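[1] requesting a structural model of the entry that follows:
(chains A and B)
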Amino acid sequence: DAKTTQPTSMDCAEGRAANLPCNHSTISGNEYVYWYRQIHSQGPQYIIHGLKNNETNEMASLIITEDRKSSTLILPHATLRDTAVYYCIVRGEAGNKLVFGAGTILRVKS
Amino acid sequence: GAVVSQHPSWVICKSGTSVKIECRSLDFQATTMFWYRQFPKQSLMLMATSNEGSKATYEQGVEKDKFLINHASLTLSTLTVTSAHPEDSSFYICSAHRGGPYGYTFGSGTRLTVV
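    So this is what the prediction gives:
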């Protein structure tokens, strides 16, 4: 499965949009991009995933570049409860397993 | 929907004893379940993949005789840490997958402390 690169940490003001980037330059055509987050001492929480098209759900939006080599997770109105480690993961259907990188520590500040 | 229950949420055991952790998918059938371990301030490390009715596939460096995984049904997988030692103290997390491009659902984790 393709490796991902994320910034180590980011800060965001409460109420503003949080944009978390992820590079996955070696992604192949059938690999999905998944985003999860983990709040301290809890299991990871699914946020969103996509293949080629941009996706939106009640939690976030996922913007995937046309060449699919990078993506951005957007939390439209960040709250203090969004403070967590955010993981961008690329997975192919055949591989079936999720391998976590280091993720991005997002700190939402009031 | 897509809820995974993991039990217990925390356990303290004596060195040399065994501990069993359960992972149940409550409202879906999980074709595959995964077990992870997480040390403080580190990311999740995949230990093994289990498919219902077959032997688990362990990641490199994970001792299969020490971490016994059983996936007896499409809704239940168990991880048994045998002859636990203090260095096995960690946060263990399971995940269940329905197959295809669906998301993976994670349990809430089990904090194991071996004294």
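[2] from here on, contacts and neighbour counts on C-alpha atoms
    Will do.
[3] tell me the contacts of the residue nearest to A:Glu55 when sequence neighbours are not counted?
    The shortest distance from A:Glu55 to any non-neighbouring residue, by CA to CA, 6 or more residues apart in numbering or on different chains, is to A:Leu62 (5.1 Å). Contacts for A:Leu62 were tallied using CA atoms under 8 Å, 6 or more residues apart in numbering or on different chains; they are A:Ile48, A:His49, A:Gly50, A:Asn54, A:Glu55, A:Thr56, A:Ser71, A:Thr72, A:Leu73, A:Ile74.
[4] partners of A:Leu62 in the sheet?
    For A:Leu62, the beta-bridge assignment (DSSP bridges) gives partners A:Glu55, A:Leu73.
[5] filter the contacts of A:Leu62 down to the buried ones.
    A:Ile48, A:His49, A:Gly50, A:Thr56, A:Ser71, A:Thr72, A:Leu73, A:Ile74 (16 or more other CA atoms under 10 Å in any protein chain shown).
[6] quick one: the fourth one from B:Glu87, how far?
    Distance of A:Thr56 to B:Glu87, given as CA to CA, to the nearest Å: 42 Å.
[7] for the closest residue to chain A within chain B, which non-adjacent residue is closest in space?
    In chain B, the residue that lies nearest chain A is B:Ser108 (4.4 Å; CA to the nearest CA). Take B:Ser108 and drop its neighbours on the chain: the residue closest to it by CA to CA, 6+ apart is A:Gly43, 4.4 Å away.
[8] from what I see, the one you found and B:Arg111 are in contact.
    No. A:Gly43 lies out of contact with B:Arg111 (CA atoms under 8 Å); the separation is 11.0 Å.
[9] surely A:Thr83 touches A:Thr104?
    No. Between A:Thr83 and A:Thr104 there is no contact under CA under 8 Å: 10.4 Å.
[10] just give me the neighbour total for residue 3.
    Since you didn't name a chain, this refers to chain A. 16 (other CA atoms under 10 Å in any protein chain shown).
[11] think we crossed wires, I meant chain B
    If you count neighbours by other CA under 10 Å, B:Val3 ends up with 14.
[12] same question, B:Phe28
    Around B:Phe28 there are 16 other residues, counting by other CA under 10 Å.
[13] any idea of the pLDDT on the closest residue to A:Lys97 other than its chain neighbours?
    Ranked by CA to CA, 6+ apart and with sequence neighbours excluded, the top spatial neighbour of A:Lys97 is A:Arg91, at 7.0 Å. The per-residue pLDDT reported for A:Arg91 equals 85.
[14] so what's A:Arg91 bridging to?
    In this structure, A:Arg91 has the following beta-bridge partners (DSSP bridges): A:Tyr32.
[15] surely it touches A:Glu31?
    Yes. With contact defined as CA under 8 Å, A:Arg91 reaches A:Glu31; the gap is 5.2 Å.
[16] so where do the helices sit in chain B?
    Taking DSSP state H as the criterion, chain B contains no helices.
[17] list the residues that contact the nearest residue to B:Ser18 once chain neighbours are set aside.
    Nearest non-adjacent residue to B:Ser18, counting by CA to CA, 6+ apart: B:Thr82, 4.3 Å away. Residues near B:Thr82 by CA under 8 Å, 6+ apart: B:Gly16, B:Thr17, B:Ser18, B:Val19, B:Asp65, B:Lys66, B:Phe67, B:Leu68.
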